Structures are given as C-alpha cells and as structure tokens.
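Undergrad: A predicted structure for the sequence below; I have some questions about it.
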Amino acid sequence: MKSINLQRTESLLMELIPEALSNLSDAKINSLPITGVNCKNGKYDAIVYFDGSDYDKTEIKEIISSLNKANGRLKTHILASTGWYKCPNFTFVNDTSLEKSKHLEDLFAQIRKTKSSEE
C-alpha cells in the first residue's frame, strides 16, 4: 500500500503534467490526455501514462520521443509550481488499459448475445 505522501505526489503530478504540456508548442503533446502517474522510489522516478488510443504505433513512438525531449521543461515547470528541490525522472508509457477494457466489454456483449440466442 502506498503512503499518503506518495499518493499526494502522484495526484499533484496528475494536475501539473497536463498543465506543463499545454504550455509547449508541439500540437501532438500539448493536448495529450494523461491517464495516470505512478511514482517509484519516493519522488525519484515516475511513470506517466497517457492515452494513445487515437494514434498508431509509429505516432506513439514519435510522441514518446517528443515527451522525452520536453522532459526538462516539464521538470522546470513542476519545480517552479511546487517549490520542490527535486523532481522525479519521468518515463512515458502508452496506457493500453482503456483498449483492454473495451475488448473485455465486447467479449461480454458477445457472450450475452450467444446466451440470449440459445434460450
């Protein structure tokens, strides 16, 4: 179970990362939906999940590359907003949980359909 301080840090990062991204000039990443932040090792590392369901694999690689390039500006914005002395190192990952849950919903709908046709 995560400590309350770690949960607060994750929650604050969930607010500040989209704010920092919106200030960037890159149109692909400045409106990118952030779906989650998972801090590891205190505030030293953070995995940032984004919704890339609208993009294909090559575009997702480009987005991750752009996010890695903007990492320093994100850290600067977060440090200025929070007053922290250290900002986590960000790792950006495409969040596929939305696609998986939609696939499961489709499977359940298919099961319901076959059960109703058998009755």
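TA: Received it, and whenever you're ready, just let me know what you need. Numbers count the residues shown, from 1 in each chain.
Undergrad: in the helix ranked longest in the chain, what's buried?
TA: Secondary structure of the chain read by DSSP state H shows that its longest helix is helix 97-118. Neighbour-count burial for helix 97-118, counted by 16 or more other Cβ atoms under 10 Å, picks out no residue. Just so you know, the C-beta spots here come from the backbone N, C-alpha and C atoms, and that holds for glycine as well.
Undergrad: neighbouring contacts of it?
TA: 35, 51, 53 (Cβ atoms under 8 Å, 6 or more residues apart in numbering).
Undergrad: just the buried residues of the residues you listed.
TA: Buried subset of the contacts of helix 97-118 (neighbour count, 16+ other Cβ under 10 Å): 35, 51.
Undergrad: which of the contacts of helix 97-118 fall within helices?
TA: Checked against DSSP H, those include nothing in helices.
Undergrad: quick one: least confident of the contacts of helix 97-118?
TA: For the contacts of helix 97-118, the weakest pLDDT value sits at Ser53, with 82.
Undergrad: and the most centrally placed residue in the chain, what is it in contact with?
TA: Geometric centre of the chain, nearest residue: Tyr49, 2.1 Å, by Cα atoms, centre = their mean. Listed by Cβ under 8 Å, 6+ apart, the contact set of Tyr49 reads 34-38, 93-95.
Undergrad: sorry, back to before: distance from the chain centre to the longest helix of the chain, please.
TA: Distance of helix 97-118 from the chain centroid (Cα atoms, centre = their mean, to the nearest Å) equals 26 Å.
Undergrad: report the secondary structure state of the residue nearest to the centre of the chain.
TA: The three-state assignment at Tyr49 reads strand, by DSSP: H, G, I helix; E, B strand; the rest coil.
Undergrad: any idea how far it is from Ile64?
TA: Distance, Tyr49 to Ile64, using Cβ to Cβ, to the nearest Å: 12 Å.
Undergrad: hang on, the earlier thing: taking the contacts of Tyr49 one by one, which sit in strands?
TA: Applying DSSP state E to the contacts of Tyr49, the entries found in strands are 34-38, 93-94.
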